[in-house]
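> Fold the following and give me the result.
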Amino acid sequence: MRELTGRPQEVEAAHVAIVAGRFNDAVTSGLVQGALGVLRVHGLGEDDLTLIWVPGSYEIPLVAAELARAGRYDAIIALGCVIQGSTRHADLVTTEVARGLAEVSRTYRLPVLFEVIAADSLEVALDRSGRKLNRGSEAAEAALQMISLLRQLRAEGGPAAES
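Modelled structure (predicted):
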């Protein structure tokens, strides 16, 4: 049986964009720092990284689509935070952000990591952005795994190699 897996430690050169929503900045800034920390530990330098701030999570898919269309990035990491209030607004926002990012990923055949925290409270969101764990760090690790995996598939001339 043949088995492939992403090997982030083997990603020697890559260009990664992070698109982060400013809304709930106390949370998203922690996610961004976590993601940047992992990418730097894996050897990506300042010239390999682009950080773009947008007003909120809802704006992330549009910017991700522009970045993907440019063709300069090996992965895009989407970071944001939506906290549930007394209305369904948070559900609507997170659903559309997820749908938009999935569309970008499939259209451009590019890893687009979705780490828009949807939390019931600021407390839970802060826990997930650095106090107990950091979902930004996890997204960066997953981005590197996907870059590695797609490079393997494309090098073998498999389905991912077709343009």
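> Figure out how far stretch 44-57 is from the centre of its chain.
The chain centre lies 10 Å from the centre of stretch 44-57; the measure is C-alpha atoms, centre = their mean, to the nearest Å.
> again, but for stretch 56-73
That offset, for stretch 56-73, works out to 11 Å (C-alpha atoms, centre = their mean).
> Now the closest residue to residue 16 other than its chain neighbours, what are its backbone angles?
Leaving aside its chain neighbours, residue 16 sits nearest to residue 75 (5.1 Å; criterion: C-beta to C-beta, 6 or more residues apart in numbering). Quick note: C-beta positions are derived from backbone N, CA and C, even for glycine. Main-chain dihedrals, residue 75, degrees, to the nearest 10: phi -160, psi 160.
> my read: residue 75 touches residue 14, true?
Yes - between residue 75 and residue 14 a contact is recorded at 7.0 Å, counting by C-beta atoms under 8 Å.
> which residues are common contacts for the two?
Overlap of the contact sets of residue 75 and residue 14 (by C-beta atoms under 8 Å, 6 or more residues apart in numbering) consists of 144, 147.
> So the two - more neighbours on which side?
residue 75 (26 against 20; other C-beta atoms under 10 Å).
> same question for stretch 13-21, mean pLDDT?
For stretch 13-21, mean pLDDT rounds to 97.
> Work out the gap between that stretch and the centre of the chain.
Centroid separation between stretch 13-21 and its chain, computed with C-alpha atoms, centre = their mean, is 7 Å.
> Using CSV, write down the CA coordinates of it.
Output in CSV follows, covering the C-alpha atoms of stretch 13-21 (Å, rounded to 0.1, in the frame of the first residue of the first chain):
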residue,chain,number,x,y,z
ALA,A,13,10.8,27.3,0.6
ALA,A,14,7.2,28.5,0.4
HIS,A,15,5.2,31.6,0.2
VAL,A,16,2.3,31.8,2.7
ALA,A,17,-0.2,34.6,3.1
ILE,A,18,-2.2,35.2,6.3
VAL,A,19,-5.4,37.0,6.0
ALA,A,20,-6.7,38.1,9.4
GLY,A,21,-9.8,39.9,10.5
